[in-house]
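> Predicted model, plus sequence, below.
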Amino acid sequence: MNSTVKAVARKSPEWLKNSVMYQVFLRSFTPEGTLKAAEKKLPELAALGVDILYLCPICLQDDDMNVEHWSDRQRFSGTKNPKNPYRIKDFYNVDPEYGTDADLHSFVAEVHRLGMKIILDIVFYHCGPKAVFIESNPDFVKRNPDGSVNYGHWHFPELNYASAGLREYLWKNLEYWMTKFKVDGYRCDVSDAVPLDFWETARERLEKINPDTIILAEGHRKEDQLKAFDLNYNFPFSFGIHALFNQGRPASSLRDKWEEQAREYPEGTRFIRYTDNHDIANDTSFGVRRKPGQSDESWQGSVNFHGIPQDGLPADSRIEKAWGHDAAEAALVMSFMMDGVPMFYSGQEIGDYSRHSIYDVAAVDWSKFSEPYALARRALCTKLCGMRHKIKALSEGSFEWVDNSESANVLTFKRVTDNGTVMVAINISKNSVKAELKTVLPSKHSQLLASSGAVLELSGGVLSFQAPAFGYICASF
């Protein structure tokens with residue numbers, strides 16, 4: 001008999017269960033790319049139903065012009081801009097590009113006034129080549145045997161966690177932003193590359209300042225949520241969604257990925273669910289090391305660092321354009337109906353498909369805000385947020401896959417509580433489908449929550465799902 005007891009994830013604040021997250025990348029959020037400009041749009045996010053605003057890095061960026069210490073992606077962007085928000089020069093100062101300390105104070109205060117929380121993106125795997133502490137504290141970065149700086153995956157200096165001084169410097173940095181600016185937590189970039197015990201101590205120290213601290217890991221480490229983190233970023237599952245709509249993988253492949261993670265991660269592990277973010281929206285070649293002699297064309301089409309093949313997603317396209325609005329909407333609905341915490345990326349609520357840039361201001365095309373498809377998308381997104389807030393099955397219910405007769409094209413699952421069930425069926429194909437669902441539900445749903453022309457019917461004891469291309473239905477019973 002196997003007596004192994006499955007580990008259990010740490011308990012997080014109750015309000016996290018039915019929360020909706022929204023990622024703001026300042027250079028892409030407004031034409032100005034500043035905190036002041038972004039603050040003016042915060043009421044729109046609150047009206048949408050956002051609970052947690054995830055703000056990408058605002059620390060002082062390194063302006064070193066030596067391209068040997070730029071990431072491959074940065075060089076390939078063609079912007080010739082040395083300032084990368086993920087290559088930090090000073091962890092304790094706001095970059096003037098985004099504004100001032102006063103601007104950040106005002107921004108955070110407005111987030112809180114509107115009833116939202118804010119997490120700040122922090123980058124602790126590496127730093128810029130001219131980071132302010134490299135000369136004064138040479139042990140803060142990893143060194144080669146000859147004493148030279150060791151440059152990591154993106155050609156940036158790797159931070160040295162064998163240094164007790166570095167650890168204290170960074171713990172105090174987390175305390176600084178939380179104490180001075182009242183941020184509610186952090187999104188931790190490349191968290192798997194930082195020792196887990198560092199994050200566990202960070203959690204202990206931050207909870208003394210704010211017991212409701214929320215920490216999101218951009219990583220896949222299975223032990224993350226035992227003590228340190230509340231959520232994981234979950235690239236593999238997000239890219240599993242991309243594989244359905246971008247590469248024609250069967251619907252069952254996403255179920256396989258979910259079931260694999262359910263087996264391998266501690267009980268109660270929480271993931272954010274999303275289809276777009278600042279990396280995906282930026283370009284199609286992020287994180288890739290160019291091989292000697294490799295052409296631009298070959299390099300751009302290769303598999304990126306996070307493992308998503310880019311076939312079928314042109315360099316100048318976004319998922320809304322490459323997949324089409326109907327497919328992008330079906331994927332978004334899926335993210336909101338699943339377990340975990342759903343996340344919007346800037347402009348997703350209006351179906352934005354303008355190309356963004358990590359290295360230049362290239363903003364959401366908010367001029368399309370009043371176009372019919374944008375109005376319809378925002379109305380749907382507002383409805384989805386309301387459902388997450390009000391329907392307990394979506395925040396507290398168990399997640400159960402439902403077998404169906406079209407497993408290549410149809411995803412079916414339900415969220416179940418003692419007081420009700422939400423049934424979800426989604427056609428991931430560009431053709432209409434009819435599928436039999438192998439589950440028992442009442443003969444008629446009590447409420448149609450959302451549908452794009454799809455129906456659920458019970459006839460002769462058989463429950464069937466009929467839907468047009470990329471059609472979906474969500475109904476409560």
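Happy to help now that I have it. Since the structure is predicted, the reported quantities are computational estimates derived from the model, not experimental observations.

> Going by C-alpha atoms from here, please, whenever you check contacts or count neighbours.
Will do.

> shaky segments in the stretch 1-150 of the chain?
For the stretch 1-150 of the chain, applying pLDDT under 70 flags the ranges 1-4.

> mind listing the strands for the stretch 301-450 of the chain?
341-345, 398-401, 410-417, 420-427, 433-437, 447-451 (DSSP state E, counting those that start in this stretch).

> So for residue 11, which of those strands sits nearest?
Across the strands of the stretch 301-450 of the chain, residue 11 has its closest neighbour in strand 341-345 (14.9 Å, CA to CA).

> Neighbouring strands of the closest one in the sheet, and parallel or not?
Here strand 341-345 is paired, per DSSP bridges, with strand 21-24 (parallel), strand 272-273 (parallel).

> Out of the strands of the stretch 301-450 of the chain, flag the one nearest residue 388.
With respect to residue 388, and counting by CA to CA, the nearest of the strands of the stretch 301-450 of the chain is strand 341-345 at 9.0 Å.

> Give me the residues contacting that closest one.
Strand 341-345 is contacted by residues 16-24, 270-274, 276-278, 335-336 when judged by CA atoms under 8 Å, 6 or more residues apart in numbering.

> and with 6 Å instead?
With CA atoms under 6 Å, 6 or more residues apart in numbering as the test, strand 341-345 has contacts from 20-23, 272-274, 276-277, 335-336.

> again, but for stretch 441-460
For stretch 441-460, using CA under 6 Å, 6+ apart, the contacting residues are 463-467, 471-477.

> From the chain's centroid, how far away is it?
31 Å (CA atoms, centre = their mean, to the nearest Å).

> residues of that stretch that come out buried?
By neighbour count on 16 or more other CA atoms under 10 Å, the buried set for stretch 441-460 is 445, 448-452, 454-458.

> is it possible to export the strands of the stretch 301-450 of the chain to CSV including distance to residue 331 and mean pLDDT?
Output for the strands of the stretch 301-450 of the chain, formatted as CSV (distance: least, CA to CA, whole Å; pLDDT from 0 to 100):
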stretch, distance to residue 331, mean pLDDT
strand 341-345, 11, 98
strand 398-401, 16, 96
strand 410-417, 11, 96
strand 420-427, 9, 95
strand 433-437, 17, 96
strand 447-451, 13, 93
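
> Quickly list what the nearest residue to residue 213 once chain neighbours are set aside is bridged to.
Nearest non-adjacent residue to residue 213, counting by CA to CA, 6 or more residues apart in numbering: residue 185, 5.1 Å away. Beta-bridge pairing of residue 185 under DSSP bridges involves residue 119, residue 214.

> could you list every residue that touches residue 185?
Applying CA under 6 Å, 6+ apart, we find residue 185 in contact with 119, 213-215.

> which one among those residues gets closest to residue 363?
The closest of the contacts of residue 185, once distances to residue 363 are taken by CA to CA, is residue 119, at 21.3 Å.

> which stretches of the stretch 301-450 of the chain aren't confidently modelled?
For the stretch 301-450 of the chain, the stretches flagged by pLDDT under 70 are 301-317, 442-445.

> Okay, helices next: where are they in it?
Per DSSP state H, counting those that start in this stretch, the stretch 301-450 of the chain carries helices over the ranges 319-323, 325-337, 372-390, 392-395.

> Could you dump the ones you listed into JSON lines with distance to residue 68 and mean neighbour count added?
Shown next, in JSON lines, are the helices of the stretch 301-450 of the chain (distance: least, CA to CA, whole Å; neighbours: other CA atoms under 10 Å):
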{"stretch": "helix 319-323", "distance to residue 68": "31", "mean neighbour count": "18"}
{"stretch": "helix 325-337", "distance to residue 68": "37", "mean neighbour count": "23"}
{"stretch": "helix 372-390", "distance to residue 68": "42", "mean neighbour count": "18"}
{"stretch": "helix 392-395", "distance to residue 68": "47", "mean neighbour count": "23"}
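
> Distance to residue 434 for these - can I get that in TSV?
Compiled in TSV, the helices of the stretch 301-450 of the chain are given as follows (distance: least, CA to CA, whole Å):
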stretch	distance to residue 434
helix 319-323	22
helix 325-337	17
helix 372-390	24
helix 392-395	25
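
> Nothing else from me, thank you.
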